[in-house]
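Asks: coordinates for the following, if possible.
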Amino acid sequence: MGVSRVEFTRRVQWRRPLASAMASLRAAWASQRLPLVALVGRPNVGKSTLFNRLCRSRRALVKDTPTDHVTRDFREGTASFYDLRFRVLDTAGLEPYAANGSLQERGTRLTQEAMKRCDVALWLVDAKSGLTSSDESSAHWIRKHVQGHVPVLAVLNKCDTGWDGVQSSDYVHATVADVARCGFEDAVAIAAESGQGMVELYQRLRSHLDRLVDEDGVEDVEELGERSDTSVEGAIAEDGPLQLAIVGLPNAGKSTLVNRLLGEERCMTGSEPGTTRDTVRARFVYEDRKVWLLDTAGWMRRAKAMRNSVLSGLSMLETRRSIRNAHVVALLVEATREVDPFKRRGMLVRTELSLANLAIEEGKALVVVVNKLDALPVRERKQVTEHVANAVERMLPQVSGLHVVGMSAKTGAGVSAFMPAVLDAYDKWNTRLGTSALNKWLLKLTTIRGLSSGGGSGIVGRIKYLTQVRTRPPTFAAFATRGTKLEETQLRSLASSIRAAFELSGVPLRVLARTPPAREAKHAQ
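Replies: Residues are numbered from 1 along each chain as shown. Reported below is the predicted structural model:
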């Protein structure tokens, strides 16, 4: 208790693995069951800030909003806390006595379900504000639903050195006494934003986690499939589970689809647009294939998002990051929406097209889902799905042949066709064609429509060699004869021909031109 952070780090340095042993230790970590620690408390006490510090990232949205919830669904991450490694849950703000059906009540219900599987709970209190009536309600709820089942450690957050020049020690001591009266002794004082008090929190948490490891032993567990926010290459590594991002406009049914696939209420749902703010990650197994589902916030134009609130803009950035880190993107389109001027259903709006183009530009496999078909008459459902398929084919010619799945995530009708379409798109996205097969096809080709500005044959003779240089998405290099320049339209036409010949429909293909420089002309003396 009283040990400086520098001194403490030096003392535990021997527990950290050396660089040469990191590979073997990662394998050991992957085979051990990681304890689960939940962060609970009323809204705006700093749960997401502590989550980000424990996970050494900024994945959870953080904003000072005393009158609103920033976190609505619980978020899971892997914490690396000195030499401790565990899973951590960032939960929605507890408001146990909120009105039935409200966002607050639904968030509390999700938190209660999450608490059933945690091993340790950290109850956070804002020491700066002191113990409020909301904190007392949360303490009563925790004693009733949590304490006795799992250990609960009281944590006083925002215990900085001073507030507006006033030392915080008096406030901390007063809050510690108030927390003790609620039945939680030996509270830990920290400041999650600045990192103060982390040594004391580590020491208290370690005693609980060491006991759990000794009691539970070892069992298989899948590592959390989280990716670096700054490394796109890391997000599309060849190994690991499939990363499936569910995207769409607000209130398109994304969270309902995730809940339907998981078979549980993992994400908060409701008729209010913009219910989801953080990207919610959930593990899912389909036919022995591991999948990470990414439930994203509803997409809107950047100007509109920033006009609505800063949180909306941050949610858009999080959705964009999720698309970059995904393998397959499922775009949900609302079947019941009518599009002016002809009041026709089954069309795509501009915002959905920009979202689809973003996924294609990032090189992701794309699947289009027509949701909420249950709200339409039976005779219109097939027609609306066909209208969407035709609109997609017309508006997204660079990925012709996309899977378009009609369903109702609410009732489950048609959901069985969703994952086969996703896996088919994913397998095509991972396709690697042999160089021999590509060049045999190239030799047999006598005419490629649109490749030549003259409108016909002869261009094949100017492409000497064709090879695939990478997958995810399939990328090809076309080596042309010396001095030949291939235009962008010609490369797109060649990509379309490859897509048709090798059954890669619905996958963005990239063709790179490789042309030796022209030789300098010899001037007569």
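Asks: list of residues touching stretch 190-198?
Replies: For stretch 190-198, the external contacting residues (CB atoms under 8 Å, 6 or more residues apart in numbering) are 5, 46, 49-50, 53, 81, 155-161, 188-189, 200-201. (C-beta placed from N, C-alpha, C; glycine too.)
Asks: now with 7 Å?
Replies: 46, 49-50, 53, 155-160, 188-189, 201 (CB atoms under 7 Å, 6 or more residues apart in numbering).
Asks: among those residues, which ones are in strands?
Replies: 155, 156, 157, 188, 189 (DSSP state E).
Asks: residue boundaries of the strands in the stretch 51-200 of the chain?
Replies: Counting by DSSP state E, counting those that start in this stretch, one finds strands in the stretch 51-200 of the chain at the ranges 75-81, 84-90, 120-126, 152-157, 162-163, 166-167, 188-189.
Asks: these: which one's closest to residue 266?
Replies: Residue 266 lies closest, by CB to CB, to one member of the strands of the stretch 51-200 of the chain: strand 75-81, at 10.1 Å.
Asks: that closest one: how far from the chain's middle?
Replies: Strand 75-81 has its C-alpha centroid displaced from the chain centroid by 14 Å (CA atoms, centre = their mean, to the nearest Å).
Asks: circling back to that earlier point, derive a ChimeraX selection command for the buried subset of the ones in strands among the contacts of stretch 190-198.
Replies: Selecting only the buried entries of the ones in strands among the contacts of stretch 190-198 in ChimeraX, with 16 or more other CB atoms under 10 Å as the criterion:
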select :155,156,157,188,189
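Asks: and the ones in strands among the contacts of stretch 190-198 as a markdown table, adding distance to residue 407 and pLDDT?
Replies: Formatted as a markdown table, the ones in strands among the contacts of stretch 190-198 follow (distance: CB to CB, whole Å; pLDDT from 0 to 100):
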| residue | distance to residue 407 | pLDDT |
| --- | --- | --- |
| 155 | 43 | 93 |
| 156 | 48 | 92 |
| 157 | 43 | 90 |
| 188 | 48 | 91 |
| 189 | 51 | 90 |
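Asks: now the ones in strands among the contacts of stretch 190-198 as CSV including distance to residue 134?
Replies: CSV is the format used below for the ones in strands among the contacts of stretch 190-198 (distance: CB to CB, whole Å):
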residue, distance to residue 134
155, 16
156, 15
157, 14
188, 20
189, 20
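Asks: what's the farthest-apart pair in the ones in strands among the contacts of stretch 190-198?
Replies: 157 and 188 (9.6 Å).
Asks: ok, of the contacts of stretch 190-198, which one's closest to residue 282?
Replies: Checking the contacts of stretch 190-198 one by one against residue 282 (CB to CB), the nearest turns out to be residue 50, at 21.6 Å.
Asks: these two touch, right, that closest one and residue 39?
Replies: Yes. Using CB atoms under 7 Å, residue 50 makes contact with residue 39 at a distance of 6.0 Å.
Asks: between the two, who's got more neighbours?
Replies: residue 39 (29 against 26; other CB atoms under 10 Å).
Asks: so that one sits against residue 89, correct?
Replies: Yes. Contact criterion CB under 7 Å: residue 39 and residue 89 qualify, at 6.5 Å.
Asks: do you know how far the residue lying closest to residue 42 once chain neighbours are set aside is from residue 45?
Replies: Excluding its sequence neighbours, the residue lying closest to residue 42 (CB to CB, 6 or more residues apart in numbering) is residue 134, at 4.2 Å. For residue 134, the distance to residue 45 (CB to CB, to the nearest Å) stands at 9 Å.
Asks: now swap in residue 418 and tell me
Replies: Distance of residue 418 to residue 45, computed by CB to CB: 38 Å.
Asks: neighbour count for those two, which is higher?
Replies: A side-by-side neighbour count of residue 418 and residue 45, using other CB under 10 Å, places residue 45 first with 29 against 22.
Asks: and the more buried one, what does it touch?
Replies: Neighbour list for residue 45: 124, 125, 126, 157 [criterion: CB under 7 Å, 6+ apart].
Asks: low-scoring stretches of the stretch 151-300 of the chain, by residue?
Replies: 161-170, 213-239, 268, 270-277, 300 (pLDDT under 70).
Asks: how about 80 then?
Replies: Residue ranges of the stretch 151-300 of the chain with pLDDT under 80: 160-172, 211-239, 265-279, 298-300.
Asks: re the thing from before, nearest to residue 383 among the strands of the stretch 51-200 of the chain would be which one?
Replies: So among the strands of the stretch 51-200 of the chain, strand 75-81 is nearest, using CB to CB, at 39.7 Å.
Asks: and the closest one, what's its mean pLDDT?
Replies: For strand 75-81, mean pLDDT rounds to 86.
Asks: what packs against that strand?
Replies: Where contact means 3 or more CB pairs under 7 Å, 6 or more residues apart in numbering; DSSP states H and E, strand 75-81 is packed against helix 47-55, strand 84-90.
Asks: report the buried residues of it.
Replies: Under 16+ other CB under 10 Å, the buried positions of strand 75-81 are 75, 76, 77, 78, 79, 81.
Asks: I figured residue 400 hits residue 505, correct?
Replies: Yes. Between residue 400 and residue 505 there is a contact under CB under 7 Å: 6.5 Å.
Asks: what would the contacts of stretch 190-198 look like in TSV with distance to residue 298?
Replies: Formatted as TSV, the contacts of stretch 190-198 follow (distance: CB to CB, whole Å):
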residue	distance to residue 298
46	26
49	25
50	27
53	28
155	33
156	36
157	30
158	31
159	37
160	36
188	38
189	39
201	36
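Asks: following the one helix or strand residue 424 maps to, which helix or strand comes up?
Replies: Assigned by DSSP states H and E, residue 424 belongs to helix 418-429. Going down the chain from helix 418-429, the next helix or strand is helix 435-444, by DSSP H and E.
Asks: just the C-alphas of that next one, formatted as PDB.
Replies: The C-alpha trace of helix 435-444 is given here as PDB (Å, rounded to 0.1, in the frame of the first residue of the first chain):
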ATOM      1  CA  THR A 435      -0.800 -18.700 -61.500                       C
ATOM      2  CA  SER A 436      -0.900 -21.600 -64.000                       C
ATOM      3  CA  ALA A 437      -4.700 -21.500 -64.000                       C
ATOM      4  CA  LEU A 438      -4.800 -17.800 -64.400                       C
ATOM      5  CA  ASN A 439      -2.400 -17.700 -67.400                       C
ATOM      6  CA  LYS A 440      -4.100 -20.700 -69.100                       C
ATOM      7  CA  TRP A 441      -7.400 -18.700 -68.900                       C
ATOM      8  CA  LEU A 442      -5.600 -15.700 -70.200                       C
ATOM      9  CA  LEU A 443      -4.200 -17.600 -73.200                       C
ATOM     10  CA  LYS A 444      -7.700 -18.900 -74.100                       C
END
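Asks: contacts for it next, please.
Replies: Defining contact as CB under 7 Å, 6+ apart, one finds that helix 435-444 is touched by 460, 463, 465, 466, 467, 468, 501.
Asks: at 6 Å what do you get?
Replies: Identification of contacts with helix 435-444 by CB atoms under 6 Å, 6 or more residues apart in numbering yields 466, 467, 501.
Asks: end-to-end on stretch 387-406?
Replies: From its first residue to its last, stretch 387-406 covers 11 Å (CA to CA, to the nearest Å).
Asks: buried stuff in that stretch?
Replies: So for stretch 387-406, counting by 16+ other CB under 10 Å, buried means 387, 388, 389, 391, 392, 396, 399, 402, 403, 404, 405, 406.
Asks: and which of those residues is nearest to residue 118?
Replies: residue 405 (35.4 Å).
Asks: doesn't that closest one lie inside a helix?
Replies: No. Per DSSP: H, G, I helix; E, B strand; the rest coil, residue 405 lies outside any helix segment and is strand.
Asks: got the contact list for it?
Replies: Applying CB under 6 Å, 6+ apart to residue 405 gives the contacts 369, 417, 418, 421.
Asks: if we can go back for a sec, return the most buried member of the helices and strands packed on strand 75-81.
Replies: Burial of the helices and strands packed on strand 75-81 is given as mean neighbour count (mean count of other CB atoms under 10 Å); helix 47-55 ranks first at a mean of 24.
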